[in-house]
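Student: Generate coordinates for the sequence data below:
(one chain, ligands or ions: 1)
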Amino acid sequence: MSAAVITLKTQENGSDNLMIQRPTAGLSLQGRILVPGDKSISHRALMLGAIAEGETEIQGLLLGEDPRSTAHCFRALGAEISELNTELVRVKGIGLGNFQEPLDVLNAGNSGTTIRLMLGLLASHPGRFFTVTGDDSLRSRPMSRVVKPLQQMAAEIWGRKDNNLAPLAIQGQALKPIHYHSPIASAQVKSCILLAGLNTDGKTTVTEPALSRDHSERMLRAFGAELSIDPETNSVTVTGNAKLYGQKVVVPGDISSAAFWLVAASIVPGSELVVENVGVNPTRTGILEALSMMGADIEMENQREVAGEPVADLRVRSSQLKSCTIAGDIIPRLIDEIPILAVAATFAEGTTIIRDAAELRVKESDRITVMAQQLNKMGGKITELPDGMEITGGTALVGAEVDSHTDHRIGMSLAIAALNASGTTTIHRAEAAAISYPNFTSTLTEVCR
Ligand code: S3P
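Tutor: As a prediction, the model looks like this:
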């Protein structure tokens, strides 16, 4: 066995170059690893803790940049949140509708979940004024998907480009309940409207075209909100004038982070990894279904339920992957895993088609264009489609200079591709991984034997 050489170098401008040199022979990935806490659940635990009465205790919080942005914003709104760590974070809630008016702009950093969910809460605080912004990436991402339905509820929100882009200004109002038919399957849109509905005088319903992740629904119920779900129509209804009570939340490992290891061990011959304590909520397991269609060897062990979320250990052994078509209702259940699936498809036999995923164009980067450009620099054969990609598999990749475009999932996907590329790959702006996976490089070094 021989290890890959993995070196992280900080540049003069403060950004990191991650260099990965694959040995000419004998690399395999082995071990039992843990991945950091689920990002979606971490955000929601901090937010619901902040608007609940009493104390919330969070175990296993993700210490990534995104949840840090959420904690920062909700502290400015009046919640007492202890220092962030994975063991135990305490949130002293202030009760629904009790935000203080912050003296400065609320900065959501790179986090779409922070800004969009928070907007629903801010808009429903009558008499208070808020301003919100984010980093370069977030300020270019569409906000009208939440601004428009909030305006239907009587919200007052202003921003650039017809109220579509942050910075946004919000004059809180007494909102009215609505039934919103969302044109996109988006958990951020759904959650924003449900959170706004908590502080209205009636029932608010969101119907979506396909089911998106349901962590808000699960956690709102656990905190005491009255919620009804119609699975036939993908509709959720929340009852207003809600009272939420602090809870104990245990955050499972993030399946979106586990996905890098599932693909890495699948494509590097002779590998066997166990990723322990991974959240396997059915609204998130599209990646397991897609990899299984591709012939991956993944077993779910030790299945259990922890604090209202299903959890399992995932054992993965290397196997020859084959192509497949990924489209339709599965897309929202694996939307964040498409960059790493593109890497898997590069090493699969045949041509993989990904469709119905135009949402990728408005993530932390345009993940269709960026993934195609960067992987093609290494010899990949990816053709962009308006709503996805066509990936010709069976390609031998060659090490190259590539760039994360400050998108965490792009940077980490390229690092996994580098494990199966000849020579040396340098990933520029690799520090982006810290958004969702701060110790990605150390786990990478640990599993490469
Ligand atoms: C998230 C929802 C998804 C996902 C994002 C996290 C959430 O976004 O891509 O990483 O926590 O609600 P959309 O709601 O825009 O699909």
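
Student: Next, the buried residues of the host helix or strand of I353.
Tutor: When secondary structure is defined by DSSP states H and E, I353 falls within strand 351-354. For strand 351-354, a neighbour-count test (16 or more other Cβ atoms under 10 Å) marks T351, T352, I353, I354 as buried. The C-beta positions use only the backbone N, C-alpha and C, and glycine is treated the same way.

Student: Determine how far it lies from the middle of the whole chain.
Tutor: Averaged C-alpha coordinates place strand 351-354 at 23 Å from its chain's average position (Cα atoms, centre = their mean, to the nearest Å).

Student: Then stretch 290-297?
Tutor: Shown here is stretch 290-297, whose average C-alpha point lies 22 Å from the average C-alpha point of the whole chain (Cα atoms, centre = their mean).

Student: now stretch 237-257
Tutor: Going by Cα atoms, centre = their mean, where stretch 237-257 is centred and where its chain is centred differ by 16 Å.

Student: Ok, stretch 327-342 next?
Tutor: Per Cα atoms, centre = their mean, the displacement of stretch 327-342 from the mean C-alpha position of its chain is 12 Å.

Student: Please apply the same query to stretch 320-327.
Tutor: In this view, stretch 320-327 has its centroid 23 Å away from the chain centroid, taken as Cα atoms, centre = their mean.

Student: Tell me the buried residues in that stretch?
Tutor: In terms of neighbour count (16+ other Cβ under 10 Å), stretch 320-327 has its buried residues at L321, K322, S323, C324, I326.

Student: Get me the contact residues on the stretch 1-150 of the chain for the ligand.
Tutor: The stretch 1-150 of the chain has residues S40, G112, T113 near the ligand, with proximity defined as Cβ under 6 Å from any ligand atom.

Student: do that again at 8 Å, thanks
Tutor: Contact residues of the stretch 1-150 of the chain with respect to the ligand, defined by Cβ under 8 Å from any ligand atom, are listed as K39, S40, H43, R44, G112, T113, R116, L117, R145.

Student: Next, the contact list for the nearest residue to E101 once chain neighbours are set aside, please.
Tutor: Closest residue to E101 in three dimensions, ignoring its sequence neighbours and counting by Cβ to Cβ, 6 or more residues apart in numbering: R128, at 4.6 Å. In this structure, R128 makes contact with F99, Q100, E101, L122, G172, judged by Cβ atoms under 8 Å, 6 or more residues apart in numbering.

Student: Which one (most neighbours) among the residues you listed?
Tutor: Tallying neighbours with other Cβ atoms under 10 Å puts L122 at the head of the contacts of R128, with 28 neighbours.

Student: Does it lie in a helix or a strand, and which?
Tutor: Using DSSP H and E, the element containing L122 is helix 112-123.

Student: Alright, that wraps it up for me.
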